[in-house]
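Enquirer: Build the 3D model from these lines:
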Amino acid sequence: CEYNPFHAGHAYMVGEVRRALGADVTIAAVMGGIFSQRGEPYIAPPTYRAAAAVAGGCDLVLELPYPYSAARAADFARAGVEIAAAIGADVLAFGSEVGNLTALEARRARLDSGELRARAAALSAADRTLGQTRAAARAYEELYGGEENLAAPNDILAVEYLKAIKTLGVPLAPMTVARSGAAHDDASGGAGYRSAMEIRRFISQGMEAGSFVPTGAAAVYARERDCGRELAGEERMELAILSRLRMLDRAAFDALPDASGGVGARLYEAARTQPSLNAVLAAAKTKRYAMSRVRRMCMCAALGVRAEMSTGTPPYIRVLAANARGCALLRQMNDREDGLPVVTKPASVKNLSADHEALFALGASAHDLYVLGYRAEGERKGGEDWRNSPKIVNNP
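Expert: From the prediction side, this is the model:
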């Protein structure tokens, strides 16, 4: 999940999971940390978004670390499934627009078929403006009809979760909850639960979004705002990002995730010549590549991420927030001999391998860039991620 921010629709899903699996079920969320799949900073830092989620009904929140949190859908989903399996979960619950596991599994099988892959490759070869995703969607429509919406964001991830469960062979039973209320990126208002995009817009304009956020979560966000740890806007990070991009050589851009097809070269040239981040993105984008892909690459370039960094298994499990039930699960996780190392105190990463410390240091660097966007100047201190302990929430 992303919980960007945790809102009433997320609380509804947590409630549906608890109703389906029993009041005594422990619900752990695997949540993206600093930057999202869209290459954008999350609206609040991870420990506080996690505390809001626990206040809103989750028992435990674990971090999907950067750069996995900002990876393409397949790597984002696989890393989340690996963490869920590593903590001993037996059910993987996720939202979807379709809300039907049978339909999602049928879609997964079709998208995985050799027939579709061959047709998508042929379409992409014939039309160089067609990226892999659009070519697959067009091939799917040709082969199986065009009634399904393959662009629905939650359904895209749902299919990737099912693929990861099958590919990894992990004993996770999938469960889906139908999305209720506004669509994922709908900022138009209307009846039902508001989308995270609309709530972010309210917050960015200084408006009160408390009526769309559970009471406990709203209290967490209010405390953060009062402390000055409110993200004022990505533009405050812009000069730092641009300066980092201009210091990189061509090889660094070619080594980025998703840099195939010449987009790495385009981004390199744009970064050297364009006067703003938006201008860099506009100059690098083509019909073949979605803007979210180019934005992800910009952030990866600024933070030194290479293609191979988000393709492996996350080397540890970092705890962001928990209540009493979540703490009980943590004790069970620490007793597992076959699981990943559990990180509660950041300093303990230095007692693990160099790979563990390198990934944590990368996330800490991302956090240091992130805090430049805070409204309060005094809160833009570096090195905070090395000192942040999990938030323990005492639910009533």
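
Enquirer: Just give me the neighbour total for the nearest residue in space to Ile392 that is not next to it in sequence.
Expert: Counting by C-beta to C-beta, 6 or more residues apart in numbering, Ile392 lies nearest to Ala322, which is 6.1 Å off, once chain neighbours are set aside. C-beta coordinates here come from the backbone N, C-alpha and C atoms, glycine included. Ala322 is flanked by 25 other residues according to other C-beta atoms under 10 Å.

Enquirer: Need the per-residue pLDDT for Lys166.
Expert: As predicted, Lys166 sits at a pLDDT of 96.

Enquirer: Of all the residues in the helix or strand bottoming out on mean pLDDT in the chain, which ones are buried?
Expert: The least trusted helix or strand in the chain, going by mean pLDDT, DSSP states H and E, turns out to be helix 196-204, with a mean of 77. By 16 or more other C-beta atoms under 10 Å, the buried positions in helix 196-204 come out as 196, 198-200, 202-203.

Enquirer: and those residues as a markdown table, adding distance to Ala11?
Expert: Converted to a markdown table, the buried residues of helix 196-204 look like this (distance: C-beta to C-beta, whole Å):
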| residue | distance to Ala11 |
| --- | --- |
| Ala196 | 13 |
| Glu198 | 16 |
| Ile199 | 13 |
| Arg200 | 17 |
| Phe202 | 17 |
| Ile203 | 17 |
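
Enquirer: for the stretch 51-200 of the chain, what spans make up the helices?
Expert: 73-86, 101-111, 114-126, 132-144, 153-168, 196-204 (DSSP state H, counting those that start in this stretch).

Enquirer: Give me the below-cutoff pLDDT ranges for the stretch 251-396 of the chain.
Expert: 337-338, 396 (pLDDT under 70).

Enquirer: in it, which spans are helices?
Expert: 263-273, 277-284, 291-303, 324-335, 354-370.

Enquirer: Relative to Thr215, which of these is closest?
Expert: helix 324-335 (19.3 Å; C-beta to C-beta).

Enquirer: Which neighbouring elements make contact with the closest one?
Expert: strand 60-64, strand 317-322, strand 342-343 (3 or more C-beta pairs under 8 Å, 6 or more residues apart in numbering; DSSP states H and E).

Enquirer: one step back: might you calculate how far the least confident helix or strand of the chain sits from the centre of the chain?
Expert: Offset of helix 196-204 from its chain centre (C-alpha atoms, centre = their mean, to the nearest Å): 17 Å.

Enquirer: ok, the residue lying farthest from the centre of the chain to Leu111 distance?
Expert: For the chain, the largest distance from the centre (C-alpha atoms, centre = their mean) belongs to Ala126, which lies 32.9 Å off. Per C-beta to C-beta, to the nearest Å, Ala126 is found 20 Å from Leu111.

Enquirer: what's around the nearest residue to Arg236 once chain neighbours are set aside, how many residues?
Expert: What sits nearest to Arg236 in space, not counting adjacent residues and going by C-beta to C-beta, 6+ apart, is Gly373, at 4.5 Å. Burial of Gly373 is recorded as 18 neighbouring residues (other C-beta under 10 Å).

Enquirer: can you pull the contacts of Gly373?
Expert: 41, 231-234, 236-237 (C-beta atoms under 8 Å, 6 or more residues apart in numbering).

Enquirer: Equivalent analysis for Met291, please.
Expert: Contacts of Met291 (C-beta under 8 Å, 6+ apart): 281, 285.

Enquirer: Okay, it and Ala282: tell me how far apart.
Expert: Here the criterion is C-beta to C-beta. By it, Met291 lies 9 Å from Ala282.

Enquirer: got it, and Glu238?
Expert: Looking at Glu238 against Ala282, where the rule is C-beta to C-beta, the gap reads 14 Å.

Enquirer: Moving C-terminal from the least confident helix or strand of the chain, which element do we reach first?
Expert: Downstream of helix 196-204, the next assigned helix or strand under DSSP states H and E is helix 215-227.

Enquirer: Work out the gap between that next one and the centre of the chain.
Expert: 22 Å.

Enquirer: Also stretch 69-83?
Expert: 8 Å.

Enquirer: Check stretch 316-325 too.
Expert: Counting by C-alpha atoms, centre = their mean, stretch 316-325 comes out at 17 Å from the chain centroid.

Enquirer: what's the most buried one of the helices of the stretch 51-200 of the chain?
Expert: helix 73-86 (a mean of 22; mean count of other C-beta atoms under 10 Å).

Enquirer: And the average pLDDT for it is what?
Expert: pLDDT averaged over helix 73-86 gives 95.

Enquirer: And for stretch 133-148?
Expert: 87.

Enquirer: do you know how far the residue nearest to Leu150 when sequence neighbours are not counted is from Met197?
Expert: Nearest residue to Leu150, sequence neighbours excluded (C-beta to C-beta, 6+ apart): Ala137, at 4.7 Å. Look at Ala137 and Met197: by C-beta to C-beta, they are 22 Å apart.
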